[in-house]
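J.: Need the 3D shape of this:
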Amino acid sequence: MFVAIVCDFASEDHKQKGEDLILQYGFKRLMDNLFESTTISEKYLVRLKRELDSVTDSYDTLRFYQFPVEDTFAISYLKDKKWRKLIVRL
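T.: Now for the predicted structure:
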């Protein structure tokens with residue numbers, strides 16, 4: 001599965017902890033706030049989101065762009081400390 005993560009952390013502390021987690025899961029940094037992986041499994045992606053919950057607050061913004069997810073393009077985003085998902089049918 002291809003996954004791109006775009007991050008906008010509200011504080012340096014959150015940024016450091018969040019980026020460290022993302023890199024531990026094998027993502028490659030492409031730009032300051034952009035990471036990509038083509039090898040992460042759904043199981044580990046769920047675990048990463050859970051761990052990111054513990055180092056973020058409601059001021060942080062994260063977006064995950066995933067393809068394919070059951071033959072669709074999915075955008076998961078963290079808003080007000082809740083994960084939401086938008087599915088784009090192809």
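J.: can you give me the strands in the chain?
T.: For the chain, the strands defined by DSSP state E occupy 2-8, 28-31, 34-37, 61-69, 72-79, 82-89.
J.: export the ones you listed to a markdown table and tack on distance to residue 45 and mean neighbour count?
T.: Every residue, glycine included, has its C-beta placed from N, CA and C. What follows is those, written out as a markdown table (distance: least, C-beta to C-beta, whole Å; neighbours: other C-beta atoms under 10 Å):
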| stretch | distance to residue 45 | mean neighbour count |
| --- | --- | --- |
| strand 2-8 | 6 | 18 |
| strand 28-31 | 15 | 11 |
| strand 34-37 | 9 | 17 |
| strand 61-69 | 7 | 17 |
| strand 72-79 | 9 | 16 |
| strand 82-89 | 11 | 11 |
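J.: Those strands into JSON lines, with extra columns for distance to residue 14 and mean pLDDT?
T.: JSON lines is the format used below for the strands of the chain (distance: least, C-beta to C-beta, whole Å; pLDDT from 0 to 100):
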{"stretch": "strand 2-8", "distance to residue 14": "9", "mean pLDDT": "97"}
{"stretch": "strand 28-31", "distance to residue 14": "16", "mean pLDDT": "97"}
{"stretch": "strand 34-37", "distance to residue 14": "15", "mean pLDDT": "98"}
{"stretch": "strand 61-69", "distance to residue 14": "10", "mean pLDDT": "94"}
{"stretch": "strand 72-79", "distance to residue 14": "12", "mean pLDDT": "93"}
{"stretch": "strand 82-89", "distance to residue 14": "16", "mean pLDDT": "92"}
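J.: which other residues reach stretch 51-68?
T.: Outside stretch 51-68, the residues that touch it by C-beta atoms under 8 Å, 6 or more residues apart in numbering are 1-11, 14, 17-18, 21-22, 45, 49, 73-81, 83.
J.: Tell me, how many residues neighbour the nearest residue to residue 41 once chain neighbours are set aside?
T.: Using C-beta to C-beta, 6 or more residues apart in numbering and skipping residues adjacent in sequence, the residue nearest residue 41 is residue 1, 7.2 Å away. Using other C-beta atoms under 10 Å, residue 1 is surrounded by 14 other residues.
J.: Might one say that residue 1 is in contact with residue 43?
T.: No: in this structure, residue 1 is not within contact of residue 43 by C-beta atoms under 8 Å, at 10.8 Å.
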